[in-house]
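K.L.:
quick one, fold the following:
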Amino acid sequence: MGVRFEATECILALALHIMDALKKMQREFMDQAKSKMLSPEARSELSEGDYKLLAGAIAIEIIGGPWVAMDEYGTGSLLDQSNPALAEYVSSDKFNPLRRIAMPATGYAKLGRAKGTYRDIFGRNMHSSGRLSGANLEKLAERGVIPDRFGPTPPSKALQEAAGWLVQEGRVANILQDIVARFPWGQFFVVTKDH
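P.N.:
Residues are numbered from 1 along each chain as shown. Below you'll find the model as predicted:
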């Protein structure tokens, strides 16, 4: 008699168990992040992505768009400049060209747009009357001249905090240890008859 280990089947089964663990981590990450987000729009926009197989590794995505980015990194003069997409945004047609010109003096403060059609951060075509062209909208909002939504927003860092929480609280290690402990390793050992 002999013993054979069914390695291929074991690896496939283990990959499925790891995918379950990743899904659990994804849910915990999202719950934690949403609890720290400042805007309801960002909480609504954050969603579960799919699994990705990358060079033999299994990954799972969390998806967010402009609301999530604005919540995470802030807006206007309170914008966190460590935002990895900031340079691309500033050089895009969605960024107010008047802000780009005035940045040495005003930083990232929100300014009124020139008269005309433009694309906003959501990719929508919008129209500006130009009435507040170049005006510091944050200061006008602070004085109550225009709605508060034109004021700056601080960064929540909700995504960074959620990722840190998963690691620092040991959730990643605990979830993976549980998967390994509950995995049915024995079913992949097969007793064979020697000939």
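K.L.:
can we go C-alpha only for contacts and neighbour counts from here?
P.N.:
Noted.
K.L.:
show me what contacts residue 146?
P.N.:
137, 140 (Cα atoms under 8 Å, 6 or more residues apart in numbering).
K.L.:
make sure I have this right: it is in a strand.
P.N.:
No - under DSSP: H, G, I helix; E, B strand; the rest coil, residue 146 sits outside any strand and is assigned coil.
K.L.:
and it, how far from residue 104?
P.N.:
With distances taken as Cα to Cα, to the nearest Å, residue 146 is found 24 Å from residue 104.
K.L.:
mind giving me the packing neighbours of the longest helix belonging to the chain?
P.N.:
Looking across the chain with DSSP state H, the single longest helix is helix 7-36. Contact here means 3 or more Cα pairs under 8 Å, 6 or more residues apart in numbering; DSSP states H and E; on that basis helix 7-36 packs against strand 47-54, strand 57-63, helix 158-168, helix 171-182.
K.L.:
elements contacting the first one?
P.N.:
Using 3+ Cα pairs under 8 Å, 6+ apart as the contact criterion, the elements in contact with strand 47-54 are helix 7-36, strand 57-63.
K.L.:
quick one: low-confidence parts of this structure?
P.N.:
For the chain, the stretches with pLDDT under 70 are 195.
K.L.:
most centrally placed residue in it?
P.N.:
For the chain, the residue sitting closest to the mean C-alpha position, by Cα atoms, centre = their mean, is residue 64 at 5.1 Å.
K.L.:
next, the contact list for it, please.
P.N.:
Taking Cα under 8 Å, 6+ apart as the test, what residue 64 contacts is 42, 45, 46, 47.
K.L.:
excluding its backbone neighbours, what's nearest residue 115?
P.N.:
With Cα to Cα, 6 or more residues apart in numbering as the measure, residue 130 is the residue that lies nearest to residue 115, at 3.7 Å, once sequence neighbours are left out.
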